[in-house]
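Novice: Fold the following.
(chains A and B)
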Amino acid sequence: MTRSAPGPSRNLPQYGALAAVLLANWLLFPDFFSIRLQDGRLFGSLIDVLNRGAPVALLAIGMTMVIATRGVDLSVGAVMAISGAVAATLTQAGWGLAPVLAAALGAGLLCGLWNGLLVAVLRIQPIVATLILMVAGRGIAQLVTEGQIVTFTSPGLAFIGSGSFLTVPMPVVITAVLLGVTALLVRTTALGLMIEAVGVNRLSSAGAGVNTPVVLVAVYVWCGLCAAVAGLVVAADIRGADANNAGLWLELDAILAVVVGGTSLLGGRFGLLLSVVGALTIQAMNTGILLSGFKPEFNLIVKAGVLMVVLLLQSPTLTLFLPRPGPRPVRPPTPPRGKPESPSPSAGA
Amino acid sequence: MTDPTPTASPPLLAVRGLSKAFLGVQALDGVDFTVRHGEIHALLGENGAGKSTLIKTLTGVYQRDAGTVALEGRPIAPRGVEEAQRLHIGTVYQEVNLLPNLSVAENLFLGRQPMRFGMRFGLVDRGAMRRRARAVLIPYGLSLDVTAPLGRFSVATQQIVAIARAVDMSAKVLILDEPTASLDAQEVAVLFKVMRTLRSRGIGIVFVTHFLDQVYALCDRITVLRNGRLVGERRTVELPRLDLVAMMLGRELEAAAHRIAPPDDEREEDARPPLVRFRGYGKARSVEPFDLDIRPGEVVGLAGLLGSGRTETARLVFGMDRADRGEAMVDGQAVRLRGPRDAIRLGFGFCPEDRKKEGIVGALSVRENIILALQARQGWLRPIPRRRQEEIADRFIRLLDIRTPHAEQPIQLLSGGNQQKALLARWLATEPRLLILDEPTRGIDVGAHAEIIRLIERLCADGMALLVVSSELEEIVAYSRRVVVLRDRRHVAELRGGEVAVDRIVAAIASESVPVEPRP
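Specialist: Okay, here's the model as predicted:
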């Protein structure tokens, strides 16, 4: 809940975890870091981690801000399916690339708007509000594809999934651009502050004049957009849309990436880059286990173990046992009414 | 109101020398409290008087440190609400402690359902439960569908069901903790009828309330607590309102403080156009319609007992709650206050009573907390540059002497007084025209207390208008040019100039009014 003074040491667990996983991969496969250029595109295990990690990283960018407002968006996986279905179906119907992209992203925005209105205006708990679209979204995607797996051959759309720009695979480029745009949007405006304020204390923020409904709708809309981009990347990669399986369970990976990145589910401070680092950590683990030849069953258990360690390092209970620089707030048990203020320590100047 | 003749038999409930401390703070200190058969006994006191602690100790939520409790002469020591219930002490809280999603009948018989085929492992006899539920509610004049979920009914009905449950479980002492706080006049009348019926059946009712009119309409005796101590027990008919208020507030009326600020020429004051003007402004179940003018450079105090509508008035003025009647004007122009954003646009600021819940944004830094309102008013597209934010924060940290190691400290790590000053800074940064302060000195140490009062005086000298709610009457008298006195959710008096004095405020709080009951 509390964050001590800002500094590089604060984010050590997140970067440390990624470094440790990459190091472990390197120890297991000495050529893990080797990258080669072939046909104007980079190849190698590390590139693979970035490329395969892109969809979850994209989801994590939007999810970070939703979680920072003390919410959660369970529908992102379903929104991926919708956006993929829209893109594939329209492409098959002969639409051009630009209108296809616009329609797919527009579908994502609409989904986000729906979630945002449920949370901000109707004040439904985010986990329940987004559960509706999580369930209904796959149905919508199936309606769009008419229950088929729709495939397409448009080279333009396929480029998004498997092309490269300046030797870098497109999914990685798209993730980097979306990360940059999002960071610019929230950090060069006052949006970031407002998102954090709403997440920490919605009542206080509203009392200070923050337009809390607009902030909430905005983060869910953006999250829907990010999910739509992720859906496009996945559909473009496999050159088809599978309404049943596209993005299945990825909402959980995205939430995990955000949490591993150090953004608390209780809302407040968030780090976009850190969430992407979290997503890459998860992907690096997946890739490592895959390369190691372990049975896939181990994958989940090893993943759980590593995540456990990362989360333990961030646990407020555990950090109580570690030396800390500042005083920490003390919560008195059963405060009776009308007593003097709890002895919150005011560090002397 | 018949007072049972004193007999040799022990009183229904006798509490003697009850003490309870929390973390070194004495919440109850040697309190005596007696409830007799067939009486309604008001338990009164301001914030922190110890009413809640006394009730919770009686019902076994807290364990007493010292003292004795005897029910009809038999010493008891309940270790929980359930045990207290078995010992014939029933409690009904303001927030009804029943289960809204269960039916009325299930709520009435929860944990003691009529069973078929054996008490322990049998089946609930629903038919019997429904029949008994209807029978139980008849004496209360409630004829309703006992199979409907309790939550569908009004709070008043829920409360009566809770009372019926407690009485049916053979309660001899019934504790009602602010049962009327969220009821309207008609519902209050129904509840009072039930209470009178129970009294005539010999049940002793402990009635906690903030409404003095209700005390005088209903209660036989009054016990007043203050700061965890017993101030006294009186028969209602022998205790004038003025004396009661004096007992609650704890002051000698003769030695009442008079205003410190020199009275200005009031005719000139009144000639100036008001900054804000409210006419017939109010909200059902919150505050009765009131008129209020506030002029630039003026401090208006809102005085009254807890629950009198002080905070509700302040919240209406800031748009935190939406008025459902009356009109508001700023600079003579009609305005609508649909929310804090409207109020802020008009140049209002509001420091709420509950700083932690509605004021500070705990995990954010002092700097971010200070610039939040200014930034929110500018909109998210026009961010205040970081350098400028730091300048503003540092200026107010210096100006208000906010004690923090640096502006980046999370505000939740500051002491209450410094949090309050940071909240003041948040609004001062917006250069407000009207600042509303709800209990600005609550829970603040003496030093910061004096600083905040000096600050209020300085702001007012600078031409800012202030509306201040405080339960510290001396404080209100010290800085207010006018004082609006509230009682039972109504503005009952406005004191100005030489009238602003503690004894006048106390007299206004205690003044008689039309009884609340017979109102259509």
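Novice: Find the residue at the geometric middle of the chain.
Specialist: You didn't pick a chain, so chain A it is. Most central in chain A under Cα atoms, centre = their mean is A:Ala60, positioned 0.7 Å from the mean C-alpha point.
Novice: Actually, chain B is the one I wanted.
Specialist: Most central in chain B (Cα atoms, centre = their mean) works out to B:Gly307, at 3.8 Å.
Novice: follow-up on the earlier one: show me how far the host helix or strand of the residue nearest to the centre of chain A is from its chain's centre.
Specialist: Taking DSSP states H and E as the definition, one finds A:Ala60 inside helix A:45-68. In terms of Cα atoms, centre = their mean, to the nearest Å, the centre of helix A:45-68 is found 6 Å from the chain centre.
Novice: quick one: secondary structure of B:Lys20?
Specialist: Here B:Lys20 is recorded as strand under DSSP: H, G, I helix; E, B strand; the rest coil.
Novice: tell me, how many neighbours does it end up with?
Specialist: 23 (other Cβ atoms under 10 Å in any protein chain shown). For glycine as for every other residue, the C-beta is placed from the backbone atoms N, C-alpha and C.
Novice: Then the one 5 residues further on?
Specialist: Look at B:Val25: counted by other Cβ under 10 Å, it has 15 neighbours.
Novice: For it, name its beta-bridge partners.
Specialist: Legend: beta-bridge partners of B:Val25 under DSSP bridges are B:Phe22.
Novice: Please report how far it lies from B:Gly67.
Specialist: Going from B:Val25 to B:Gly67 by Cβ to Cβ, to the nearest Å gives 17 Å.
Novice: now B:Gly307
Specialist: For B:Gly307, the distance to B:Gly67 - Cβ to Cβ - is 28 Å.
Novice: Kindly report the same for B:Ala171.
Specialist: Separation of B:Ala171 from B:Gly67 (Cβ to Cβ): 22 Å.
Novice: likewise B:Leu292?
Specialist: On the measure of Cβ to Cβ, B:Leu292 and B:Gly67 end up 46 Å apart.
Novice: my read: the residue nearest to the centre of chain A touches A:Gly262, true?
Specialist: No: at 11.9 Å, A:Ala60 does not count as touching A:Gly262 under the criterion of Cβ atoms under 8 Å.
Novice: Common neighbours of these two, please.
Specialist: Common contacts of A:Ala60 and A:Gly262 (Cβ atoms under 8 Å, 6 or more residues apart in numbering or on different chains): A:Gly278.
Novice: do you know how far the residue nearest to the centre of chain A is from A:Leu272?
Specialist: 8 Å.
Novice: got it, and B:Arg367?
Specialist: Distance from B:Arg367 to A:Leu272, by Cβ to Cβ: 21 Å.
Novice: Excluding chain neighbours, give the residue nearest to B:Asp168 in space.
Specialist: The shortest distance from B:Asp168 to any residue other than its chain neighbours is 5.2 Å, reached at B:Val136 (Cβ to Cβ, 6 or more residues apart in numbering or on different chains).
Novice: quick one, which of B:Leu292 and B:Gly67 is more surrounded?
Specialist: B:Leu292 (22 against 18).
Novice: Am I right that the more buried one is in a strand?
Specialist: Yes: the assignment for B:Leu292 is a strand, going by three-state DSSP.
Novice: Surely it touches B:Arg482?
Specialist: No: the pair B:Leu292 / B:Arg482 is not scored as a contact, 9.7 Å apart, by Cβ under 8 Å.
Novice: Common neighbours of the two, please.
Specialist: B:Val300.
Novice: surely B:Met248 meets B:Ile222?
Specialist: No: with contact defined as Cβ under 8 Å, B:Met248 and B:Ile222 do not form a contacting pair (9.7 Å).
Novice: list residues touching both of these two?
Specialist: Shared contacts of B:Met248 and B:Ile222 (Cβ under 8 Å, 6+ apart): B:Leu44.
Novice: quick one: B:Glu288 from B:Glu312, how far?
Specialist: 10 Å.
Novice: ok so, going back, does the helix holding A:Ala60 reach chain B?
Specialist: No: using Cβ under 8 Å from any Cβ of the partner chain, helix A:45-68 stays clear of chain B, coming no nearer than 11.0 Å.
Novice: Buried ones in that helix, by neighbour count?
Specialist: For helix A:45-68, burial by neighbour count (16 or more other Cβ atoms under 10 Å in any protein chain shown) applies to A:45-68.
Novice: ok so, going back, who has more neighbours out of B:Glu288 and B:Glu312?
Specialist: B:Glu312 (22 against 18).
Novice: Just confirm that one is within a strand.
Specialist: No: judged by three-state DSSP, B:Glu312 forms no part of a strand; its state is helix.
Novice: where does the chain have low pLDDT?
Specialist: Picking chain A for this. A:1-10, A:316-349 (pLDDT under 70).
Novice: sorry, should have said chain B
Specialist: Looking at chain B by pLDDT under 70, you get B:1-8, B:47, B:94-96, B:116-122, B:182, B:251-271, B:443-447, B:512-520.
Novice: Show me it divided up by domain.
Specialist: Split into domains by automatic domain parsing, chain B comes to B:13-252, B:253-347+B:433-514, B:356-431.
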